[in-house]
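Visitor: Predicted structure and sequence below. I'll ask about it afterward.
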Amino acid sequence: MREIFKKTVDGSLVNIEIDVDADEFKSGRPWLFSVFVKYEGLDETKDGYEDFLETKESLIIALEHTNKANYVGSRIIDGWSEFYFHCEDSKDLNSIVAKILSSTGYVYESNVVRDTKWNFYETQLFPSELELHHIQSAKIIFLLEEEEDDLSVEREVEHYAVFDTATQKDRFVEHAKELGFAFKDDIATDEYEHGVALVKIHMPREEEVKKVVEELFPEIKKEHGYYEGWSTTLVSEEEENI
């Protein structure tokens, strides 16, 4: 499954697409093959954007068709789109790239390095625990938008966290109250008996949610807990007019 998110790499914000399930091909794919294309594929209104996406997918299909390479992710940084594949070896891959890209007019280059432990995938592409939560937040927000919800309207938003012990949970709740969260209920999951639902009133817009989650997340980690996401309700037109 491909996920898209932003990650800070060496102090710069980088747009990343990753196949989060790619490591199932880890065995037998010790080589990291990269293709850099001089095109910043971010602006959907830019001339040639659709052609670029078509070229990208053609490249991925062609390389994966060899049964030696698997697309693991891409980065967009400094005007370049970087595509990464893990493969058995690099034999014939450069010729496949040339066949797809030579007639497109794009400036490109390719490279291969041995990366048996998939270090680049895990450290430069794969999202952190917090970044994974931002990805899930974006999906919730998308669903709210699909329901034509007004994201500018503040409402109660529930945030969930789980812990190994009741003491950890109770300490966390006290710290969270100082940040403006209110206790709503105790919860439990299949793995964790000691969980809590907190409430805070805020807009479910991306930047606001990100700010709130990043405020709460370190407090959860102080008590060795796990953030379990958030939820909210739709705001009806009638409620907005009250």
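Guide: Here it is on my side, so go on. Residues are numbered from 1 along each chain as shown.

Visitor: What sits closest to Glu191 if chain neighbours are left out?
Guide: Counting by C-beta to C-beta, 6 or more residues apart in numbering, Glu191 lies nearest to Val162, which is 7.5 Å off, once chain neighbours are set aside. For the C-beta atoms, the positions are set from N, CA and C on the backbone; glycine is no exception.

Visitor: Burial check on that neighbour, number of neighbours?
Guide: 20 (other C-beta atoms under 10 Å).

Visitor: Which pLDDT value belongs to Ile242?
Guide: At Ile242, the predicted lDDT confidence score is 40.

Visitor: Oops, could you answer that again for Lys91 instead?
Guide: Listed pLDDT for Lys91 reads 87.

Visitor: what's the closest non-adjacent residue to it?
Guide: Nearest to Lys91 is Lys68, by C-beta to C-beta, 6+ apart, at 7.8 Å.

Visitor: Could you tell me how many residues sit around that neighbour?
Guide: A count of nearby residues for Lys68, using other C-beta under 10 Å, gives 20.

Visitor: List the buried residues of the helix or strand where Glu50 lies.
Guide: In this structure, Glu50 sits in helix 49-64 according to DSSP states H and E. Residues 52, 55-56, 59-60, 63 are the ones in helix 49-64 that count as buried (16 or more other C-beta atoms under 10 Å).

Visitor: Next SSE downstream of that helix?
Guide: Past helix 49-64, the next helix or strand by DSSP H and E is strand 69-77.

Visitor: The helix or strand just after that following strand versus strand 69-77: what angle between them?
Guide: Going down the chain from strand 69-77, the next helix or strand is strand 80-87, by DSSP H and E. Here strand 80-87 points in a direction 160 degrees away from that of strand 69-77 (axes from the mean of the first three to the mean of the last three C-alpha atoms, to 10 degrees).

Visitor: Looks to me like Thr104 is in a helix.
Guide: No - judged by DSSP: H, G, I helix; E, B strand; the rest coil, Thr104 forms no part of a helix; its state is coil.

Visitor: For burial, what's the neighbour tally of it?
Guide: 17.

Visitor: so it makes contact with Ser58?
Guide: No - counting by C-beta atoms under 8 Å, Ser58 is not a contact partner of Thr104; they are 9.5 Å apart.

Visitor: rewinding a little: I'd like the distance between the residue nearest to Lys91 and Arg2.
Guide: Distance of Lys68 to Arg2, computed by C-beta to C-beta, to the nearest Å: 20 Å.

Visitor: mind listing the helices for the chain?
Guide: Applying DSSP state H to the chain gives helices spanning 49-64, 93-101, 119-120, 129-146, 166-178, 206-222, 237-241.

Visitor: got those helices as CSV, with distance to Arg155 columns?
Guide: Formatted as CSV, those follow (distance: least, C-beta to C-beta, whole Å):
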stretch, distance to Arg155
helix 49-64, 36
helix 93-101, 48
helix 119-120, 41
helix 129-146, 11
helix 166-178, 19
helix 206-222, 11
helix 237-241, 8
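
Visitor: Pick out the shakiest of those helices, pLDDT-wise.
Guide: Among the helices of the chain, helix 237-241 carries the lowest mean pLDDT, a mean of 47.

Visitor: and the spatially closest residue to Leu93 that is not a sequence neighbour, bridged to which residues?
Guide: Nearest-residue entry for Leu93: Phe33, 5.6 Å, with adjacent residues in sequence omitted and distances by C-beta to C-beta, 6+ apart. Bridge pairing for Phe33 (DSSP bridges) gives the partners Phe85, Val112.

Visitor: Glu156 too?
Guide: Beta bridges link Glu156 to Ile201 when assigned by DSSP bridges.
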